[in-house]
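S.K.: turn this into a model:
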Amino acid sequence: MIAHTGSATGTISLLGAQQNELLRALSREELIALFSHLELMPLAAGKHLFDVGQELDSAYFPTNAIVSLQYVTEDGGASEIAVVGREGVVGVSMYEGECANCTAVVQTAGYGYRIRAAVLRTAFFDGGALAQQLMRHASALFAQLAQTVAGVRHGSIEQRLCRWLLDRLDRSISNELKVTQEMIASLLGVRRESITGCAGKLQDDGLIEYRRGTVVVLDRSAVERRAGSCYVAS
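M.R.: The predicted model follows:
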């Protein structure tokens with residue numbers, strides 16, 4: 001429990017945690033009970049929060065950071081299976097000694113709140129709003145994974161690119177994304193030339209503006225239409 005939560009400092013700290021939408025969904029009392037176990041962490045781009053096979057001893061509630069969940073093949077290749085931002089949590093472990101079945105890499109730098117897995121596990125089994133929110137988030141992640149699989153099977157590269165951009169836009173505070181075509185190609189598992197061609201077409205049509213390392217989405221509605229069934233707003 002935190003002391004003097006009615007003070008200005010305590011109120012500001014709680015507001016900081018509420019930048020994460022899952023934490024914001026908790027009652028003030030539940031958040032106060034959890035808050036002393038939350039540690040604000042800078043999350044640098046490229047940082048691995050955990051790797052596949054690693055024991056999950058911590059979970060992270062991003063505030064303005066975006067984390068890519070990736071499936072890593074035996075030869076070291078990585079494809080993105082889901083993305084998590086301020087709407088959720090990364091690294092939930094409901095069982096002692098559970099190991100990660102994917103790799104989590106910070107893609108957009110920012111901040112997040114770290115909590116020990118054991119503490120979160122206890123809070124989950126205590127029930128209440130936190131347990132409900134964690135289950136909803138798990139369901140949303142499963143739906144995102146299913147949509148990713150369907151997109152790979154049935155979507156065009158342009159549709160998948162548009163969906164990829166929209167997934168980041170949903171979790172960003174602006175319409176400007178710090179990404180490279182090489183990064184997008186790698187995570188989508190396609191050739192860079194394919195992404196260059198699709199991005200060029202989107203730019204020519206006035207949907208995005210691309211300059212080295214940055215994509216600015218100019219017409220979100222049009223990008224959603226191009227994504228088609230590959231994207232469903234969450």
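
S.K.: can you give me the distance of the residue nearest to T148 when sequence neighbours are not counted to E29?
M.R.: For T148, ignoring the flanking residues on the chain, the nearest one in space by Cβ to Cβ, 6 or more residues apart in numbering is I81 at 5.6 Å. Yep, even glycine has a C-beta here, placed from its N, CA and C like the rest. If you measure I81 against E29 using Cβ to Cβ, to the nearest Å, the figure is 35 Å.

S.K.: higher neighbour count, those two?
M.R.: I81 (19 against 11; other Cβ atoms under 10 Å).

S.K.: contacting residues for L188?
M.R.: Contacts here follow Cβ atoms under 8 Å, 6 or more residues apart in numbering; on that basis L188 touches S79, E80, I157, R160, L161, W164, I195.

S.K.: how near is it to G200?
M.R.: 16 Å.

S.K.: any idea which residue sits dead centre in this protein?
M.R.: V84 (1.4 Å; Cα atoms, centre = their mean).

S.K.: chain neighbours aside, what residue packs nearest to I184?
M.R.: Distances taken as Cβ to Cβ, 6+ apart place I195 nearest to I184, at 5.2 Å, with adjacent residues excluded.

S.K.: dihedrals phi and psi, that neighbour?
M.R.: Main-chain torsions, I195, degrees, to the nearest 10: phi -70, psi -40.

S.K.: what are the contacting residues of stretch 73-88?
M.R.: Under Cβ under 8 Å, 6+ apart, the answer for stretch 73-88 is 19-22, 61-72, 90, 102-104, 107-108, 137, 140-141, 144-145, 148, 164, 167-168, 170-172, 186-189, 234.

S.K.: which stretches of this protein form helices?
M.R.: Here the chain has its helices, by DSSP state H, at 8-17, 21-24, 28-35, 117-125, 129-154, 157-169, 181-188, 192-204, 220-227.

S.K.: figure out how far the last one is from the centre of its chain.
M.R.: Think helix 220-227. Centroid separation for helix 220-227 versus its chain: 20 Å, with Cα atoms, centre = their mean, to the nearest Å.

S.K.: so for that helix, mean pLDDT?
M.R.: Averaging pLDDT along helix 220-227 gives 94.

S.K.: got the buried residues for it?
M.R.: Neighbour-count burial for helix 220-227 flags A222, V223, E224, R226, A227 (criterion: 16 or more other Cβ atoms under 10 Å).

S.K.: quick check, nearest of those residues to K178?
M.R.: V223 (17.4 Å; Cβ to Cβ).

S.K.: state the distance from the closest one to I173.
M.R.: Counting by Cβ to Cβ, the gap from V223 to I173 is 18 Å.

S.K.: these two touch, right, V223 and V217?
M.R.: Yes: in this structure V223 lies within contact range of V217 using Cβ atoms under 8 Å: 6.0 Å.

S.K.: mind giving me the domain split of this structure?
M.R.: According to automatic domain parsing, the chain comprises the domains 8-131, 155-230.

S.K.: leaving out the residues flanking it, which one is nearest to I173?
M.R.: Using Cβ to Cβ, 6+ apart, the closest residue to I173 is N64 (6.2 Å).

S.K.: check the burial of the one you found by counting its neighbours.
M.R.: 17.

S.K.: check contacts around it.
M.R.: Here N64 is in contact with Q19, G85, R86, T108, G110, Y111, I173 (criterion: Cβ under 8 Å, 6+ apart).

S.K.: show the pLDDT at it.
M.R.: So N64 comes in at 94 (pLDDT).

S.K.: L161 and A199, how far apart?
M.R.: If you go by Cβ to Cβ, the gap between L161 and A199 works out to 7 Å.
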